[in-house]
Every structure is written in structure tokens, then in C-alpha cells.
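Engineer: Okay, here's the prediction I keep looking at, along with the sequence it came from:
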Amino acid sequence: MRTTADTPIRAVVIGGGAIGASVVTALLRGDVPDVVPVAVVDPQPVGDLGVPQLRLEAALDQADVVVECAGQAVIAQSAVGILERGIDLLITSVGALADPDLAAAVRAAGPGRFLLTAGAIGGLDILSSAAAQGPLTRVEVTTTKLPTTLVQPWMDDHDADLLRVVTEPVEVFRGTAREATRLFPRSLNVAATLGWVVGDFDLVDVRLVADPAAELTCHRVVAEGAAGRYRFEIENLPSPQNPRTSGVVPHAVLRSLAALVGRPSGVV
């Protein structure tokens, strides 16, 4: 990877939606020193983001680092190949790694490095440290979101319509992080990230609540184990461009990118 101001690090962003477009704009603005965006990859037209829109193979010819902002399918299809080309990869769709075979393949691939972004949640540093001291025995996360953001293609018309007209909080899902990320691939990356951090997707108990009054997206986490007990709550404003995700996510992606390319600032 290039590491000097004379040869800036070239970033390719996969996904030109709300997160990816914000990342490209911030990189063009110089928010991560010595990292320049050189292309965006998306199967759909994304408009003028200030960088060329290319197919993945053409974009990888220019890339030192790839920032994935496009969904689990991209990780399943392309992560190993990207890493095997010696290109570093920042993953936002952590739910893809709930597939143990894919997770093993990504771990084994190289010489490129991969990093997962914290996205919309915090507290991962202490949970990772606690899990390293001794296995956690309990991890729970309750996520509350607007009902219309939780409608999924696999739902029948009856269940989807109920979410669209619900007038009070209702539990939509209860199960493990592995199952949660399969059923709600764009809504529960937080659960997947917790599963990765504590080393067990099946340990993390996920409760998903649809609340029509939810002005903020809320994640309440409870964990305990040999190292101690932990409780924290995060409330994020939804992204104005895509209410399925939190507005803070692009900024978390940029912070993770800075760490991956060796340009961190503050506490990591």
C-alpha cells in the first residue's frame, strides 16, 4: 500500500448509496489525509459523485484499498478476490461473515488486509477486550427502528402491511445474530458486529422492535462474562438519505478507513 503524501493511497468505494456517496464526498474533501477516491463501483447509475463509475475489475486495477458500502452479496462474491490481489478491504456489511465458511475464507485470504467498521455502534473495544480475557456468557442487543425500514422481501403481504400501519411498538424478531443478519441483512449489522467481536454469532441474543414513534434508532446492549458486566445504549438519528441506516455510519467508515491505512487520529 502507498503511504506517502507524494503517492497517495487510492481508494475505491463499492456502493454509491447514502453511505458510499458520503464517503466519496468526504474523501474528495480531504477528510482522511493522503487517501484519494479514484472510482465508485455500483451496478446502478449513481450520478456525478466526482469520481468515475467503473466495473469492479477495472476499478481494482487502480485500488490500494476498497471500501465496501454495498451489501452482504459483495462480500460473498468479491472479498476473497480483493484480498488475494493484495488490496486492503474495509467491510461495512459485517453480516456476511455470519456464514462460517465465508468468514474462514476471508480470514485466510491475503496478502491484503481486512477491517470491519463499527458502524452505528460503540463499546466494541471493551467487549473485545473482555472476550479476550475470558468467554462472555451473555450478550444481548435490543434494536428499535421505524417499522417501514424493517419491511423485507421475504415477508408476505400481510406481515409487510402490518409493519406499514402499526401504531405501537411490536417485536419483529427474536433470535441469534446469525439468524438476524440473514433475515434483516441491511438492518442488523450491529448484531453481526457484536457476534464477530465476541467470537460467537450464536451467543448474541437479538431482539428487533418496530416502533412508529422511534425518532432515533436505538441499540441497547447488555453483556457479561469473566471480565465483568457491561451495559450501554446508543441512539442515532437515521440517515436523511436512507432511514434504514444511521447518519453516523459514513463517519464511522471514514474513521475505520483512517485506521486501516495507517492514518488514525485519537483513540483507536
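Structural biologist: Good, I have the coordinates.
Engineer: any weak-confidence spans in the stretch 101-250 of the chain?
Structural biologist: Low-confidence segments of the stretch 101-250 of the chain (pLDDT under 70): 242-244.
Engineer: all strands for it, in order.
Structural biologist: Secondary structure of the stretch 101-250 of the chain (DSSP state E, counting those that start in this stretch): strands at 114-116, 136-145, 170-176, 204-210, 217-225, 228-236.
Engineer: At which residues are the helices of the stretch 151-268 of the chain located?
Structural biologist: 157-165, 177-183, 189-198, 249-260 (DSSP state H, counting those that start in this stretch).
Engineer: Nearest residue to the middle of this structure?
Structural biologist: Centroid check for the chain by C-alpha atoms, centre = their mean gives Thr92 as the closest residue, at 2.8 Å.
Engineer: For that one, give me its contacts.
Structural biologist: Shown in contact with Thr92 (C-beta atoms under 8 Å, 6 or more residues apart in numbering): 19, 67-69, 117, 119, 189, 249, 253. No exception for glycine: its C-beta is placed from N, CA and C like everyone else's.
Engineer: Please report how far it lies from Thr7.
Structural biologist: 26 Å (C-beta to C-beta, to the nearest Å).
Engineer: Could you report the pLDDT at Ile82?
Structural biologist: In this prediction, Ile82 carries a pLDDT score of 97.
Engineer: so which strand or helix has it?
Structural biologist: helix 72-84 (DSSP states H and E).
Engineer: So what touches that helix?
Structural biologist: Contacts for helix 72-84 (C-beta under 8 Å, 6+ apart): 14-15, 56, 60, 66, 68, 89, 91, 93, 95-97, 99, 102, 105-106, 109-114, 181, 185.
Engineer: from the contacts of Thr92, which is closest to Val139?
Structural biologist: The closest of the contacts of Thr92 to Val139 turns out to be Asn189 (C-beta to C-beta; 15.5 Å).
Engineer: Quick one: residues contacting that closest one.
Structural biologist: Shown in contact with Asn189 (C-beta under 8 Å, 6+ apart): 92-95, 119-120, 181.
Engineer: Met155: neighbour count?
Structural biologist: Met155: 15 surrounding residues under other C-beta atoms under 10 Å.
Engineer: pretty sure Leu127 contacts Gln133?
Structural biologist: No. Here Leu127 lies out of contact with Gln133, judged by C-beta atoms under 8 Å, at a distance of 10.8 Å.
Engineer: which of these two has more neighbours?
Structural biologist: Regarding Leu127 and Gln133, a neighbour count based on other C-beta under 10 Å identifies Leu127 as having more, with 23 against 11.
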